[in-house]
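Asker: sequence first, predicted coordinates after that:
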Amino acid sequence: MKFFTAGGMSILLFISILFSTTDALSQNGQVTVNSTSGTPYSVTVKITPTQILRSSTTCLNGYNYNVRFNYQITYSGTPQGNLYTHQVEIICLNNQVNGFYSLPKAAANSSGTAQTSTNPFVPNNGTPGQYSSPYVHCSAANIYTFNCLTARLIIHGPGINSQTIPFNLGNPLPVELIEFNAEAEKNQVNLNWSTASERNSDYFTIERTRDGENFEEIGSIKASGNSSTLKSYQFTDYSPEPGISYYRLTQTDFDGQSESFEIKSVEVKSSQVITNVFPNPTADSKANVLVQKTNQLVELRLFNVFGQLILDKQIDASNGQVIETIELPQNAGTYMVELTQQGEVVGR
C-alpha cells in the first residue's frame, strides 16, 4: 500500500496484486494435477509421442499429419468422480497444435495408444517436393525431426479447477515402430516389423512364452543405430510350440535402456507341427527326420513310390524336437515320409 496527500488529507491507497497459484506439477513427460477441494486426490497423465502419421508418401505440394502417442493415466487418493474435461494438445514443428480431445474421463487407471485429429499442414517452400527449415519432406517426418517436445493438458473435474497446463514431453521413444506382426506358416512362425525412425538403437530381442508371463529369448536382430527412413526386419521361429504362444519384441539402446512393444499371439495347430527331412536328396542310405516338439506320440512311416510300407515306428518328442535317423533301402529311388498323430496326418 502507498500513502498520498491531497488537499491536506491523507488518502490510503491499496494496490491489489493477484497471485496465481498452481495445483499441478509437471516433469519427465508427465503432469500431476491435485484436487483443491473436497476429498483429496490427484491425477497423473503421461504422454509419449511415438509416430508421425503422414497423409502422403510423395508430398509434392505439402502434406497433413497427426501424431500417434501412448498415454498412461494414474489416480491416487480417492477420486470424487469422473473428469468433466480431459484433453491433450501436442506441440510440434513451428508451434503447430495437434489436438486429441478424448482422453479417458473415467476415474480409474488406464493406458493405451491414440492419435491426434487436427491435421496440421506442412507446406513446401514453393517448389514441388522441396521443403525449408523447420519443415521437412514427408519421407523424413518423425518425432525427432518434428520436434514434438511440449504439450498442453486441458483438464476439469470434481475438485479440480478448469485449467490448461503446459508441460515438457521429455525425450521421445528411441524407436518409432510402425508395425509388428507374427504369423504361423506350416512348421514355423514368421515375425516381421518395421520402423519409421531409430535413435541410438542397438538391437532387437525376440521372446516367446506359452503362459503369457515367463518369456524366453529365442533370437536377436541387429538394429540400424540411427535412421530416419523406413527399416524392415524379419525373424523366423523354426521350432514353435504347438498351440498358442505369445511373442514379444524388445528394443535395446546402446546405453542398455530397453522398451518392449505390443505382444502378439500365434496359434500353431497340430497339423502344422510337421517334419523336415535332410539331406534331401541323400547320397547314402540314411536320412534325418526332424520332428517338432509335440505332447502326443508321433508315428513315422516310410513308403516307396508304389505305396508299400518300408518302415513304421513311434517317436516321442514331448521333451523337445527330435532328429530321428532312418535307414533307407539300398535301392536308389524316391521315398515318402509320413507322420501321423492319433490317425491324423501331420506331416509329409
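Answerer: Noted; the coordinates are in hand. Keep in mind it's a predicted model, so treat the numbers as computed, not measured.
Asker: give me the pLDDT for the spatially most central residue of the chain.
Answerer: In the chain, the centroid-proximal residue (Cα atoms, centre = their mean) is residue 261; its distance is 3.4 Å. For residue 261, the model assigns a pLDDT of 83.
Asker: the nearest residue to it once chain neighbours are set aside: which element?
Answerer: Nearest residue to residue 261 in three dimensions, chain neighbours excluded: residue 249, at 4.8 Å (Cβ to Cβ, 6 or more residues apart in numbering). In this view, the C-beta of every residue, glycine as well, is placed from N, C-alpha and C. Secondary structure assigned from DSSP states H and E places residue 249 in strand 243-253.
Asker: would you check how far apart the residue nearest to residue 261 and residue 337 are?
Answerer: As judged by Cβ to Cβ, to the nearest Å, residue 249 and residue 337 stand 35 Å apart.
Asker: the more surrounded of these two?
Answerer: Per other Cβ atoms under 10 Å, whichever of residue 249 and residue 337 has more neighbours is residue 249, with 23 against 20.
Asker: now do the more buried one against residue 231, distance only.
Answerer: From residue 249 across to residue 231, the span is 14 Å (Cβ to Cβ).
Asker: for residue 319, same thing?
Answerer: Residue 319 is 38 Å from residue 231, by Cβ to Cβ.
Asker: neighbour count: these two, which is higher?
Answerer: Taking neighbours as other Cβ under 10 Å, residue 319 and residue 231 compare with residue 231 leading, 17 against 7.
Asker: got the contact list for the more buried one?
Answerer: Counting by Cβ atoms under 8 Å, 6 or more residues apart in numbering, residue 231 touches 194, 195, 198, 224.
Asker: ok, those vs residue 133, which is closest?
Answerer: Ranked by distance to residue 133 (Cβ to Cβ), these are led by residue 198 at 22.3 Å.
Asker: excluding its backbone neighbours, what's nearest the closest one?
Answerer: Closest to residue 198 by Cβ to Cβ, 6+ apart is residue 227, at 4.6 Å.
Asker: next SSE downstream of the helix or strand where residue 74 lies?
Answerer: Following DSSP H and E, one finds residue 74 within strand 63-77. The first helix or strand that comes after strand 63-77 along the chain, using DSSP H and E, is strand 85-92.
Asker: so in that sheet, which strands flank that next one, and in what orientation?
Answerer: If you go by DSSP bridges, strand 85-92 pairs up with strand 96-100 (antiparallel), strand 150-157 (antiparallel).
Asker: so which of those strands is nearest residue 184?
Answerer: strand 96-100 (35.6 Å).
Asker: where does pLDDT dip in the stretch 101-250 of the chain?
Answerer: 170-173 (pLDDT under 70).
Asker: for residue 313, list each beta-bridge partner.
Answerer: Counting by DSSP bridges, the residues bridging with residue 313 are residue 300.
Asker: neighbours around it, how many?
Answerer: Neighbours of residue 313 (other Cβ under 10 Å): 11.
Asker: these two touch, right, it and residue 291?
Answerer: No. Look at residue 313 against residue 291 with Cβ atoms under 8 Å: they stay out of range, at 11.3 Å.
Asker: please enumerate the shared neighbours of those two.
Answerer: 300, 324.
Asker: ends of stretch 57-66, how far apart?
Answerer: 14 Å (Cα to Cα, to the nearest Å).
Asker: off-centre distance for that stretch?
Answerer: The chain centroid and the centroid of stretch 57-66 are separated by 25 Å, computed with Cα atoms, centre = their mean, to the nearest Å.
Asker: in the top strand by length along the chain, what counts as buried?
Answerer: Using DSSP state E, we find that the single longest strand of the chain is strand 188-209. For strand 188-209, burial by neighbour count (16 or more other Cβ atoms under 10 Å) applies to 188-189, 191, 193, 195-199, 201-202, 204-208.
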